[in-house]
Structure formats: C-alpha cells, structure tokens
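In: Sequence plus predicted model, see below.
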Amino acid sequence: MKRLLILQAGQTELGPVYALAQAALAGAQTEAVDAQLLRALDAGLAELLAADALLFVTPEKFGYMAGALKDFFDRTFYPAQGRVEGRPYALIVAAGNDGSGAATAVERICRGYPLKPVAEPLIVRGPADPAALQAAHDIGQGLAGGLVLGVF
C-alpha cells in the first residue's frame, strides 16, 4: 500500500489551513493509499521516510511559510539526505497576502531534499470557499491517483 503524508502547519483545527488539509485528505482516501494527516510539529523523520508522497499545507506568515513547517524541514533535512530523492510533493498555501513568498520558500527547500513537485502550488487567498476546498480535494485525489497508477 502506498502512503501519502499530509502535513498541515496550522495552529488550530479552525480556519482555512485545517479545512484545506481535510479536503485534501478526503480526496486522497482510497483503498490503495494510506493517507495520513498530521500536524507538522507532530511529524518527524520516521513519517517522512515512510511516505511515498507528501502534501504540505501551510498558512502564509509574514510572506513566508508557517514556523511549524519550517521546523519540520529543519528537523528532517539533514537526516533525510540521500533517502527521499524524487519523492513527489504538492503544496497548498492559505494566504492572507499573495502567498508567493511562502510558496517560493517551500519550493526552494524541497529542491534541496530533493523532492519532485507534481503540481503547481495551490494558493488560496482569503477564506477557504467551496472552490478552494474542491481544489484541495483535487490535489489530494491527484496525488493518491498518481501513486496508485505509478505515475510518480
């Protein structure tokens, strides 16, 4: 069974980050994929190494990713070197501004692992409305489908 790790960097279970992560998780639910949603602060190297694909969901904080996601990267970057090359990932940013700074920062770090982007970042500006939730659902579904079909 393939594993999809969804890391959400929101501080609470309220708000757009958690809603977007839940929508992505719902999209990824299949019998052939074990989709797991964790807070970024609760995940570590073991979860990263066990994942066949990753989805990062972060709020934009001061034009950057959330500290919780940066903390995950800080804790896993060097121990993961040589062990995760080419694993597919996607990114969702809940933006209060434009989200591009957060997306650029995550993409730069992911290149260092190196992980493989398999979708354009989804940047949700403002509340997580039905269209944004559907887009997050579709990203989860696309990642799961790609794993099942061996596309990635």
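Out: On my side now, so go ahead. Residues are numbered from 1 along each chain as shown.
In: which residues does the spatially most central residue of the chain bridge with?
Out: Centroid-nearest residue in the chain, with Cα atoms, centre = their mean: Phe56, separated by 1.5 Å. With DSSP bridges applied, the residues forming beta bridges to Phe56 are Leu7, Leu91.
In: Let me see the contact set for it.
Out: The contact partners of Phe56, taken as Cβ atoms under 8 Å, 6 or more residues apart in numbering, are Leu7, Ala9, Ala40, Leu69, Tyr89, Ala90, Leu91, Ile92, Val106. Bear in mind the C-beta positions are built from the backbone N, C-alpha and C, glycine included.
In: let's see 10 Å
Out: Residues in contact with Phe56, defined by Cβ atoms under 10 Å, 6 or more residues apart in numbering, are 5-9, 21, 40, 65-66, 69, 72-73, 89-93, 102-103, 106, 109-110, 115, 121.
In: buried stuff in the helix or strand harbouring Ala23?
Out: Secondary structure assignment for Ala23, by DSSP states H and E: helix 16-28. By 16 or more other Cβ atoms under 10 Å, the buried positions in helix 16-28 come out as Pro16, Val17, Tyr18, Ala19, Leu20, Ala21, Gln22, Ala23, Ala24, Leu25, Gly27, Ala28.
In: Also stretch 75-86?
Out: Going through stretch 75-86 with 16+ other Cβ under 10 Å, the ones that come out buried are Arg75, Thr76, Ala80, Val84.
In: for stretch 40-49, same thing?
Out: Ala40, Leu41, Ala43, Leu45, Glu47, Leu48.
In: just stretch 135-150 next, same as before
Out: Buried residues in stretch 135-150, defined by neighbour count with 16+ other Cβ under 10 Å: 135-147.
In: Quick one: those residues as JSON lines, columns for distance to Arg125, secondary structure and pLDDT too.
Out: As requested, the buried residues of stretch 135-150 are exported to JSON lines (distance: Cβ to Cβ, whole Å; DSSP: H, G, I helix; E, B strand; the rest coil; pLDDT from 0 to 100):
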{"residue": "Ala135", "distance to Arg125": "12", "secondary structure": "helix", "pLDDT": "98"}
{"residue": "Ala136", "distance to Arg125": "14", "secondary structure": "helix", "pLDDT": "98"}
{"residue": "His137", "distance to Arg125": "18", "secondary structure": "helix", "pLDDT": "98"}
{"residue": "Asp138", "distance to Arg125": "18", "secondary structure": "helix", "pLDDT": "98"}
{"residue": "Ile139", "distance to Arg125": "16", "secondary structure": "helix", "pLDDT": "98"}
{"residue": "Gly140", "distance to Arg125": "20", "secondary structure": "helix", "pLDDT": "98"}
{"residue": "Gln141", "distance to Arg125": "22", "secondary structure": "helix", "pLDDT": "98"}
{"residue": "Gly142", "distance to Arg125": "21", "secondary structure": "helix", "pLDDT": "98"}
{"residue": "Leu143", "distance to Arg125": "22", "secondary structure": "helix", "pLDDT": "98"}
{"residue": "Ala144", "distance to Arg125": "26", "secondary structure": "helix", "pLDDT": "98"}
{"residue": "Gly145", "distance to Arg125": "27", "secondary structure": "helix", "pLDDT": "97"}
{"residue": "Gly146", "distance to Arg125": "26", "secondary structure": "helix", "pLDDT": "97"}
{"residue": "Leu147", "distance to Arg125": "29", "secondary structure": "helix", "pLDDT": "97"}
